[in-house]
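Asker: Predicted model, plus sequence, below.
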Amino acid sequence: QVQLVESGGGLVQPGGSLRLSCAASGLTLDFYAIGWFRQAPGKEREGVSCISSSDGSTYYADSVKGRFTISRDNAKNMAYLQINSLKPEDTAVYYCATGIPLGCSGSPAEYDYWGQGTQVTVSS
């Protein structure tokens, strides 16, 4: 049974940082792209970042470029999202997802496996 578990969310002031983690079990992340998505109340789920398995290429939504950094540790079967310079509009539930072999996709429908999400709230 495949399971993804996110952690690291919390309440942070604007300008602060968080490091989100995604722990995988039941599959080997080496072979799959890993995506991070977020969903704010009343909004659709949007792609934030992705890292491929083929060559480690990374992709970011324009709204987070320069502030977010995605990484993976295949030896630990983990993925991470370092989020810096947080803004109130970054407030959302953040999800990691996987299941696409090799390359990335910004479409949630392409991903087979999802975590339960971790809440990030940016507020003073």
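Answerer: Sure, I can see it.

Asker: What residues are bridge-paired with the closest residue to S107 other than its chain neighbours?
Answerer: Distance criterion Cβ to Cβ, 6 or more residues apart in numbering; nearest residue to S107, sequence neighbours excluded, is G47 at 7.4 Å. Quick note: C-beta positions are derived from backbone N, CA and C, even for glycine. Bridge pairing for G47 (DSSP bridges) gives the partners F37.

Asker: Do I have it right that G106 meets R45?
Answerer: No: G106 is beyond contact range of R45, at 10.7 Å (criterion: Cβ atoms under 8 Å).

Asker: counting residues per strand, which one in this structure is longest?
Answerer: strand 92-101 (DSSP state E).

Asker: Next SSE downstream of that strand?
Answerer: Later in the chain than strand 92-101, the nearest helix or strand by DSSP states H and E is strand 113-114.

Asker: what mean pLDDT does that next one have?
Answerer: The pLDDT scores in strand 113-114 average 96.

Asker: other SSEs contacting that strand?
Answerer: Where contact means 3 or more Cβ pairs under 8 Å, 6 or more residues apart in numbering; DSSP states H and E, strand 113-114 is packed against strand 92-101.
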